[in-house]
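Engineer: Just to be clear, the model below is a prediction. Sequence and coordinates:
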Amino acid sequence: MVGSLGTSRPFKIRSLHDNRKYGVAASDVKELLKKGCNLLQLPLSGAHVCLYADGTKVTKEFFATLHDNTELVLLCKDQTWGGAVCDIGQLLSSDQHTTGLVQAAKGLLSGEKSPKTRKILCDLLRNLEDRSELEGRDEDTEWFKGVEARFKTKSAYLKYNCENRIRSYMKELDGATKSVRKAKVRVECLQAFESISQMLKLDKYNGCYFDRTQKEAHRICTQEGWFTCQGSFDQTQCASLHSINPYGSRESRIVFSTWNLDHRIEKKRAIIPAFLEALQNHTSEDINLTYFYRMLFTRDNLKLVHIVCHKKGAHNLLCDPNKIFKRKQQDKKKMRLK
């Protein structure tokens, strides 16, 4: 109920850094500030009050429109309040509230019927119930459900997961080289493939990208295991700020399998065709195999991308023609042009 001028009415008031609310009765802003500062032990000079819901400042005129028991925030000089969303920020900024948040979210979820709200609460719970600090199978048995017994740590399994993705790219290259019809060209292709295969074996199939125990320069994730979407092939970063920690829970581990190690210059449409074309009239010794290796299997050309940011259409990016052949081959071409 909106009160009339001069009539004391009840309000709920709190300070910026304390979520406890107190009842205060006041007939105008001046009285509200005086009683509120006294109750919360805050300096009256420069104090002001605003709506808890959206941060609107309560002026003398606006005060008269307030309903009984409106929730307010009392602020000291230079303090600001952006609305209820600030509470969320403060809660998430400290681990001390995690247990309370989990309990509150579960309580809300049990009686919530809105699909959208349920989705938000489920996502919140998945991230709050983070067990990423646990590494071994005996520490987090739930995380390892469905994972072969030979994997004793989360890092070992995710390293293997990355290796598998890289190996699949190698199989595609292998299949393409074996499909070459001309016997002489196929021999050169197979020799080139074998050389690239050896490079990959020496780098242990770059499984380090998903292994949080590796040095920072070698992994894509943080030391805690957080991965951030690097955006689609034509972007410098993810506009949606997608992130995930597959080390945190079994569900996150499974969802992470839908993220892509995407080739900016496409594997099937550009890299492998350029590789085969270069070997049509040249030996494997003439080809810059290191360039093709880096384009196929390293972060020179790979981006970790959330499934939503993965663009499946043609990228229309080509291999650099100046890097396909070794330097001596480039020099021969220049000489012929002269």
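Structural biologist: Yep, it's here.
Engineer: Do a quick rundown of the helices in the protein.
Structural biologist: Counting by DSSP state H, the chain has these helices, from start to end: 29-40, 60-63, 85-92, 98-111, 115-128, 154-178, 183-202, 250-256, 272-278, 289-297, 327-337.
Engineer: now those helices in JSON lines, with mean neighbour count and distance to residue 242?
Structural biologist: Quick note: C-beta positions are derived from backbone N, CA and C, even for glycine. Formatted as JSON lines, these follow (neighbours: other C-beta atoms under 10 Å; distance: least, C-beta to C-beta, whole Å):
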{"stretch": "helix 29-40", "mean neighbour count": "17", "distance to residue 242": "41"}
{"stretch": "helix 60-63", "mean neighbour count": "13", "distance to residue 242": "40"}
{"stretch": "helix 85-92", "mean neighbour count": "13", "distance to residue 242": "17"}
{"stretch": "helix 98-111", "mean neighbour count": "13", "distance to residue 242": "21"}
{"stretch": "helix 115-128", "mean neighbour count": "14", "distance to residue 242": "12"}
{"stretch": "helix 154-178", "mean neighbour count": "18", "distance to residue 242": "18"}
{"stretch": "helix 183-202", "mean neighbour count": "16", "distance to residue 242": "28"}
{"stretch": "helix 250-256", "mean neighbour count": "17", "distance to residue 242": "11"}
{"stretch": "helix 272-278", "mean neighbour count": "19", "distance to residue 242": "28"}
{"stretch": "helix 289-297", "mean neighbour count": "21", "distance to residue 242": "24"}
{"stretch": "helix 327-337", "mean neighbour count": "10", "distance to residue 242": "40"}
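Engineer: Now render these as CSV, adding mean pLDDT and distance to residue 318.
Structural biologist: Shown next, in CSV, are the helices of the chain (pLDDT from 0 to 100; distance: least, C-beta to C-beta, whole Å):
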stretch, mean pLDDT, distance to residue 318
helix 29-40, 93, 66
helix 60-63, 89, 62
helix 85-92, 56, 44
helix 98-111, 62, 49
helix 115-128, 69, 39
helix 154-178, 97, 17
helix 183-202, 96, 19
helix 250-256, 93, 31
helix 272-278, 97, 7
helix 289-297, 98, 11
helix 327-337, 52, 17
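Engineer: Can you say which of these is nearest to residue 50?
Structural biologist: Ranking these by their distance to residue 50 (criterion: C-beta to C-beta) puts helix 60-63 first, at 9.7 Å.
Engineer: Check which helices and strands the closest one sits against.
Structural biologist: Judged by 3 or more C-beta pairs under 8 Å, 6 or more residues apart in numbering; DSSP states H and E, helix 60-63 is in contact with helix 29-40.
Engineer: let's go with 10 Å and repeat that
Structural biologist: helix 29-40, strand 48-51 (3 or more C-beta pairs under 10 Å, 6 or more residues apart in numbering; DSSP states H and E).
Engineer: for those, which one sits closest to residue 283?
Structural biologist: strand 48-51 (75.6 Å).
Engineer: outside of the closest one, which residues touch it?
Structural biologist: 11, 13, 24, 26, 29, 32-33, 36-37, 56-59, 62-63, 66, 70-77, 79-84 (C-beta atoms under 10 Å, 6 or more residues apart in numbering).
Engineer: try it again with 8 Å
Structural biologist: With contact meaning C-beta atoms under 8 Å, 6 or more residues apart in numbering, strand 48-51 is reached by 13, 29, 32-33, 36, 56-58, 70-75, 81, 83.
Engineer: Any buried residues in stretch 138-148, and which?
Structural biologist: Neighbour counts over stretch 138-148 (16 or more other C-beta atoms under 10 Å) mark 140, 143, 144, 147 as buried.
Engineer: any idea of the mean pLDDT in that stretch?
Structural biologist: For stretch 138-148, mean pLDDT rounds to 96.
Engineer: about what we covered before: which among the helices of the chain is found nearest to residue 233?
Structural biologist: Across the helices of the chain, closest to residue 233 is helix 289-297 (C-beta to C-beta), at 12.9 Å.
Engineer: The closest one - contacts with which helices or strands?
Structural biologist: Counting contacts by 3+ C-beta pairs under 8 Å, 6+ apart, helix 289-297 packs against helix 154-178, helix 183-202.
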